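Trainee: Return a 3D structure for these sequence lines:
(2 chains, ligands or ions: 2)
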Amino acid sequence: MTEVSETDRWMGRLNTVLLILAGVIVITPTVWMILSSFKFSHEVTAYPPKLFFTPTLANYATLSETTPFLHYGFNSIVVTASSTALGMLLGAPAAFVASWTRITWPAIVTLVARMAPGTLFLLPWYVMFRHAGMIGSYWSLILTHAVITMPIVIWVLLPFFDNIPRSVFEAAQVDGCSPFRIFRRIALPLVSSGLAVSAILAFVFSWNYFLFALVLSNSDTKTLIAASFNFIGEGSTNWGGLMAAATLIALPPLILATIVQRWLISGLTLGAVKG
Amino acid sequence: MASISMRNLVKHYGDFAVIPGLNLEIPDHEFVVLVGPSGCGKSTLLRILAGLETVTEGDLFIGEDRVNGVPASKRDIAMVFQDYALYPHMTVRQNMAFALEMRGMGKDEIEQRVNRAAELLDIRQYLDRRPKALSGGQRQRVAMGRAIVRDPKVFLFDEPLSNLDAKLRAQVRAEIKALSQQLRTTMVFVTHDQIEAMTMADRIVVMKSGVIQQVGTPEEVYEQPANRFVAGFIGSPAMNFIPVTVDGAGLRMEDDRILNTAGIFSRELQDADKTRKLELGIRPEHFTVAAGDPDAIKVDIHLVEPLGSDTLVHFKLAGIEAIARVSPDLRPKPGDRMALKPASGKAHLFDAETGEAIH
Ligand SMILES: Nc1ncnc2c1ncn2[C@@H]1O[C@H](COP(=O)(O)OP(=O)(O)OP(=O)(O)O)[C@@H](O)[C@H]1O
Ligand SMILES: [Mg+2]
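Mentor: Ligands and ions are numbered 1, 2, ... in the order given. Next up, the predicted model:
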């Protein structure tokens, strides 16, 4: 008995150490980014980095003066929200059908497409959208970002659907449900935490994806993350401005994750539908 | 309410013939129990009836209609699953109302039916709970409730009692039987528990490896088992089987003792019996204690199991482990010698090779 609890205690300590380590790795750059956004550019690159300094809002002021930041933010929200919605709309039924039929190869195809470097699609897409006259339109970005979001939705939801006892679906069939109704009334409500997790992950990945936006948008539809590249100049980079932009860009996903963190945790641990 | 008819029904999983060819007629209003050992295809047959499994060959009729290609959702059948399969995200009330809602029934009518079923099953006080907050027995009732609100053509039950403890099982068993007499809907009940089969069924269907061994009332399968398998499967403890050959007017056991068969069978031994290897079948409850009777067989008891109402005594008979059910007043002890005799008219004979009963 004592031996077991001894082991448990050590595992507990190890866990704490690992969590702290992970925390430090994740948080340090974030803190650095936020602090830097309140420094003047020359201080950002100073070595050793200064922890104590007089904060300035100059970078944020420059940002709002020199760039239509709100406009880009609006673009980002339109593209990200739409592509997340589109990914959910396509991905959730796809995941349900893949789980139901146990035919997963189409899901694997989407995963492969997701893992392939984006540059692979970029040229053909550019040509296609050009011919369609869609370069610079929201739709070109929404559609291409759905390629990011849909596989995430499918692969997050698959195990959630797999986790529902098959007899529950069969009971619904016997109760007179068509497959679509089973999806709507039984399957979807039972994977609600999975829906939350997949929506957030899809949102974050789409929000942060810059390559497609860089090429397929114009100055009117540019997203935040693509716009932030303006700060990386040919010769010199406006570090302060870049950090201020990065801080603002990182804010929405952070806020989102904080709001839904309880769902996120219960969803990620798959405590979903036992009982 | 409807009759069910299975004609030359075949079910394959790949190359494996779970049901190699089955014919069964279930008349309207009948309570049929399918029994058989694990893996014999009971659930498969039930799922075929429900439309959850396709038929490889043959015809399935429910009422007048051939339903081979009809999906489960259109068969108007209610099923109680072994794991209950309640909808975890719905309350008990919603679980029970769901099927009615799917059929587009009006709110008042749904409310009325759910309440009536809840009353009948004594689950009114749980109507607003989720299944997670119910005990096994309560969930089982909700599963039943979900079926009976519907007033379907046929009820199917797949071992719904297997998760309950012994006491609750006996109680729910009686409830289901009472319910069946009240509703008068055709019911097919699957179990591997022969006591459930005996107590509830109008007719029992005994299956083995996807093949029907016998169809009959509980009395018929108990008193006139069609073969050694049915004889061994129905009844508890199981029937004793003793290898014998015909010797004059009696039966010679393998230890060369001769058993006087006068009166123990419901018929006389035939000439044809004399040339084949036989097995004598005697149920534990069909031994009589006959001290002083010259025809009785003397056995040495090596194990005693008092059940309260009866006592089971274990002994070796011609090298075979055998059991007799005797009166507890005899107070038998291990090491005792007991004189036993098959009760008159209650013994069975089986062909040792084919297992067929010889009547
Ligand atoms: N999907 C399947 N694919 C292949 N074989 C299957 C499948 N489902 C069932 N079987 C096989 O069919 C046979 C009958 O199964 P079934 O579930 O009908 O048995 P059962 O009589 O209900 O047994 P139990 O009392 O254990 O529930 C078993 O041998 C099983 O292994
Ligand atoms: Mg079964």
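Trainee: any weak-confidence spans in chain A?
Mentor: A:1-4, A:231-236, A:263-275 (pLDDT under 70).
Trainee: Report the central residue of it.
Mentor: The residue lying closest to the centre of chain A (C-alpha atoms, centre = their mean) is residue A:204, at 1.9 Å.
Trainee: Does that residue touch residue A:253 like I think?
Mentor: Yes. Residue A:204 is within contact range of residue A:253, at 4.5 Å (criterion: C-beta atoms under 8 Å). C-beta here means a position set from N, CA and C on the backbone, and glycine is covered the same way.
Trainee: and the spatially most central residue of chain B, what element?
Mentor: Nearest to the mean C-alpha position of chain B, counting by C-alpha atoms, centre = their mean, stands residue B:197 at 3.1 Å. Per DSSP states H and E: residue B:197 is located in helix B:194-200.
Trainee: swap in residue A:246?
Mentor: Following DSSP H and E, one finds residue A:246 within helix A:239-259.
Trainee: from the chain's centre, how far out does that helix sit?
Mentor: 13 Å (C-alpha atoms, centre = their mean, to the nearest Å).
Trainee: quick one: contacts of that helix?
Mentor: Helix A:239-259 is contacted by residues A:30, A:33-34, A:36-37, A:39-41, A:43-45, A:58-60, A:62-63, A:66-67, A:69, A:73, A:76-77, A:200, A:203-204, A:207-208, A:224-225, A:227-228, A:231-232, A:264 when judged by C-beta atoms under 8 Å, 6 or more residues apart in numbering or on different chains.
Trainee: I'd like to know which of these are buried.
Mentor: For these, a burial check counting by 16 or more other C-beta atoms under 10 Å in any protein chain shown picks out A:33, A:36-37, A:39, A:41, A:43-44, A:59-60, A:62-63, A:67, A:69, A:73, A:76, A:200, A:203-204, A:207-208, A:224-225, A:227-228, A:231, A:264.
Trainee: Sheet partners, orientation included, of the helix or strand where residue B:22 lies?
Mentor: According to DSSP H and E, residue B:22 maps onto strand B:16-26. Here strand B:16-26 has these sheet partners by DSSP bridges: strand B:4-13 (antiparallel).
Trainee: Report the buried residues of stretch B:165-184.
Mentor: B:169, B:172, B:173, B:175, B:176, B:177, B:179, B:180, B:183.
Trainee: Including pLDDT, distance to ligand 1 and secondary structure, could those residues go into JSON lines?
Mentor: As requested, the buried residues of stretch B:165-184 are arranged in JSON lines below (pLDDT from 0 to 100; distance: C-beta to the nearest ligand atom, whole Å; DSSP: H, G, I helix; E, B strand; the rest coil):
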{"residue": "B:169", "pLDDT": "84", "distance to ligand 1": "16", "secondary structure": "helix"}
{"residue": "B:172", "pLDDT": "81", "distance to ligand 1": "18", "secondary structure": "helix"}
{"residue": "B:173", "pLDDT": "87", "distance to ligand 1": "17", "secondary structure": "helix"}
{"residue": "B:175", "pLDDT": "83", "distance to ligand 1": "22", "secondary structure": "helix"}
{"residue": "B:176", "pLDDT": "87", "distance to ligand 1": "18", "secondary structure": "helix"}
{"residue": "B:177", "pLDDT": "89", "distance to ligand 1": "21", "secondary structure": "helix"}
{"residue": "B:179", "pLDDT": "85", "distance to ligand 1": "23", "secondary structure": "helix"}
{"residue": "B:180", "pLDDT": "88", "distance to ligand 1": "21", "secondary structure": "helix"}
{"residue": "B:183", "pLDDT": "85", "distance to ligand 1": "25", "secondary structure": "helix"}
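Trainee: circling back to that earlier point, anything in the helix or strand following the helix holding residue B:197 near ligand 1?
Mentor: Beyond helix B:194-200 on the C-terminal side, the first helix or strand identified by DSSP H and E is strand B:203-208. No. On the criterion C-beta under 6 Å from any ligand atom, strand B:203-208 is out of touch with ligand 1, staying 7.3 Å away.
Trainee: So which elements touch strand B:203-208?
Mentor: Contacts defined by 3 or more C-beta pairs under 8 Å, 6 or more residues apart in numbering or on different chains; DSSP states H and E place strand B:203-208 against strand B:31-35, strand B:211-216, helix B:218-223, helix B:228-233.
Trainee: Go through those and name the closest to chain A.
Mentor: strand B:31-35 (17.7 Å; C-beta to the nearest C-beta).
Trainee: what angle sits between the closest one and strand B:16-26?
Mentor: Orientation check (axes from the mean of the first three to the mean of the last three C-alpha atoms, to 10 degrees): strand B:31-35 against strand B:16-26 gives 160 degrees.
Trainee: ok, now which ones touch residue B:234?
Mentor: B:35, B:194, B:197, B:198, B:204, B:206, B:221, B:222, B:225.
Trainee: what about the second one, distance to residue B:329?
Mentor: Using C-beta to C-beta, to the nearest Å, one gets 28 Å for the distance from residue B:194 to residue B:329.
Trainee: Neighbour count: those two, which is higher?
Mentor: Taking neighbours as other C-beta atoms under 10 Å in any protein chain shown, residue B:194 and residue B:329 compare with residue B:194 leading, 22 against 7.
Trainee: Quick check: that one touching residue B:232?
Mentor: No. Judged on C-beta under 8 Å, residue B:194 makes no contact with residue B:232 at a distance of 10.1 Å.
Trainee: what about the closest residue to residue B:347 other than its chain neighbours, neighbour count?
Mentor: Spatially, and ignoring its direct neighbours in sequence, residue B:347 is nearest to residue B:264 (4.3 Å; C-beta to C-beta, 6 or more residues apart in numbering or on different chains). Using other C-beta under 10 Å, residue B:264 has 21 other residues around it.
Trainee: for residue B:264, helix, strand, or coil?
Mentor: coil (DSSP: H, G, I helix; E, B strand; the rest coil).
Trainee: show me what contacts the residue nearest to the centre of chain B?
Mentor: Residues near residue B:197 by C-beta under 8 Å, 6+ apart: B:33, B:35, B:191, B:204, B:218, B:234.
Trainee: Just the buried ones out of these, please.
Mentor: Judged by 16+ other C-beta under 10 Å, buried ones among the contacts of residue B:197: B:33, B:35, B:191, B:204, B:218, B:234.
Trainee: of those residues, closest to ligand 1?
Mentor: Each of the buried ones among the contacts of residue B:197 was checked against ligand 1 using C-beta to the nearest ligand atom; the closest is residue B:191, at 8.2 Å.
Trainee: give the contact list for that closest one.
Mentor: B:33, B:34, B:35, B:42, B:159, B:161, B:162, B:197 are the contacts of residue B:191 under C-beta under 8 Å, 6+ apart.
Trainee: I figured the fifth one was touching residue B:143, is that so?
Mentor: Read it as residue B:159. No. Counting by C-beta under 8 Å, residue B:159 stays clear of residue B:143, with 11.8 Å between them.
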